[in-house]
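Peer 1: Got a sequence here, can you model it:
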Amino acid sequence: MIITLSGGRKIDTERELTAAERHVVQKLYAWQSLVDSVAAFREKRDQALRAGWNNSGPVSERPILRQIIADMEASVAVRVKKS
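Peer 2: Here you go, the predicted model:
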């Protein structure tokens with residue numbers, strides 16, 4: 001999957017993320033449209049990073065993953081502000 005960040009950077013998740021990181025991103029994409037606040041999104045982010053892939057344990061937040069999550073969080077902030 002190719003993710004395009006709001007700044008235009010394209011990230012090829014198959015090549016640039018680990019399987020566990022891709023799993024976290026997929027979980028957060030689902031939560032991105034369901035949460036009703038940025039705080040709730042951050043809580044889901046923390047849970048996903050702690051649990052890892054299939055509860056395999058913590059996933060470290062490398063800079064590339066941090067960029068993706070920050071972009072998602074900004075999107076949540078815009079969405080909830082409109083509500």
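Peer 1: For the rest of this, base every contact and every neighbour count on C-alpha atoms.
Peer 2: Will do.
Peer 1: Now for the protein: which helix has the highest residue count?
Peer 2: Longest helix in the chain, counting residues (DSSP state H): helix 63-82.
Peer 1: From the contact counts, what lies against that one?
Peer 2: helix 19-32, helix 38-51 (3 or more C-alpha pairs under 8 Å, 6 or more residues apart in numbering; DSSP states H and E).
Peer 1: Pretty sure residue 59 sits in a helix.
Peer 2: No. Residue 59 is assigned coil when assessed by DSSP: H, G, I helix; E, B strand; the rest coil, not a helix.
Peer 1: Identify the residues contacting it.
Peer 2: 20, 21, 49, 50, 51, 52 (C-alpha atoms under 8 Å, 6 or more residues apart in numbering).
Peer 1: do that again at 10 Å, thanks
Peer 2: 18, 20-21, 23-24, 46, 48-53, 65 (C-alpha atoms under 10 Å, 6 or more residues apart in numbering).
Peer 1: same thing with residue 82?
Peer 2: Contacts of residue 82 by C-alpha under 10 Å, 6+ apart are residue 76.
Peer 1: if we can go back for a sec, mind picking the two most distant members of the contacts of residue 59?
Peer 2: 18 and 46 (17.6 Å; C-alpha to C-alpha).
Peer 1: Can you give me the pLDDT of the residue lying closest to residue 28 once chain neighbours are set aside?
Peer 2: Distances taken as C-alpha to C-alpha, 6 or more residues apart in numbering put residue 45 closest to residue 28, at 6.7 Å, once the chain neighbours are dropped. pLDDT recorded at residue 45 is 97.
Peer 1: Settle this for me: residue 45 is touching residue 60, isn't it.
Peer 2: No. Checked against C-alpha atoms under 10 Å, the pair residue 45 and residue 60 is beyond contact range at 11.7 Å.
Peer 1: So which of the two has more stuff around it?
Peer 2: residue 45 (20 against 13; other C-alpha atoms under 10 Å).
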